[in-house]
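**Q** okay, predicted coordinates and the sequence, questions at the end:
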Amino acid sequence: MLSLLLALAGASAFPYQSLATPASCTVPAWPREALRYEIEGVTTLEFRIGPDGAVLKPVVRGGSGWTILDQAALEGLARCRFKPGLEESRNGTVFPIQYAWKLDGPAPLRPVLLAGSCKPARRIAGYVNLDQRRSAQAGIKLRFLVGADGQARGIVAEPGGFAPQVVRDAVDYVAGCRFGIAPGASGERTDTSYGWVLLK
């Protein structure tokens, strides 16, 4: 369910041969919440190896778009153990590792915003469906579940440095909208969705 990709361009390859044992660096577990919301992405990390073989200074160099996945990748990498006293630990070699969080099977049909279903809001310019990385306009990324009535519930906002009231306004805006899947659309359906609330 989770694949591990290595050897990013311009960096040393992941040092498999230097692991304390072959089982001392395992693929991190999918967070249960991430599975429930069916979120995917690619997390790219960099790290150094300490003199004792522990992982040092792991950092996210390319986020998946979801904090919950990036945090799981960091926590998984922190559990890895390498042989002590490696030359790479003395010269400060930086290693990459990339986790591709990909669910099996074809992408499901996700509910999208029904046109005209949202009430106007003072701070909100609109909503963009199913956009993983929006950078052209300030916005708050949300993931949520959609009930049989088309209403969003279980709404979770991604951290983004916005004031708590602005985040609440974005959540309230989406909670007042309606979502659905086009009648007659073929494919496996899901009750999970995500997108960006755009700010004025």
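**A** Now that the structure is in, tell me what you want to look at. Numbering: from 1, shown residues only.
**Q** quick one: residues contacting the residue nearest in space to the middle of the chain.
**A** Residue closest to the mean C-alpha point of the chain, counted by CA atoms, centre = their mean, is Trp66 at 2.3 Å. Each residue near Trp66 by CB atoms under 8 Å, 6 or more residues apart in numbering is listed here: 34, 39, 41, 101, 143, 158. Bear in mind the C-beta positions are built from the backbone N, C-alpha and C, glycine included.
**Q** nearest residue to the last one other than its sequence neighbours?
**A** So the one you mean is Glu158. Lys141 (4.2 Å; CB to CB, 6 or more residues apart in numbering).
**Q** please name the bridge partners of the one you found.
**A** Trp196 (DSSP bridges).
**Q** what sits against it?
**A** 65, 134, 157-158, 160, 194-196.
**Q** out of those, who's nearest Leu114?
**A** Set against Leu114, the nearest of the contacts of Lys141 by CB to CB is Gly195 (12.8 Å).
**Q** now the most far-flung residue of the chain relative to its centre: closest residue in space that isn't a chain neighbour?
**A** Distance from the C-alpha centroid of the chain, by CA atoms, centre = their mean, peaks at Gly85 (34.3 Å). Spatial nearest neighbour of Gly85, chain neighbours left out: Pro51 (6.4 Å); criterion: CB to CB, 6+ apart.
**Q** next one: the one you found from Pro22, what distance?
**A** Remark: distance between Pro51 and Pro22 (CB to CB, to the nearest Å) = 22 Å.
**Q** more neighbours, these two?
**A** Pro51 (11 against 8; other CB atoms under 10 Å).
**Q** which residues touch the more buried one?
**A** 84-85, 89-90.
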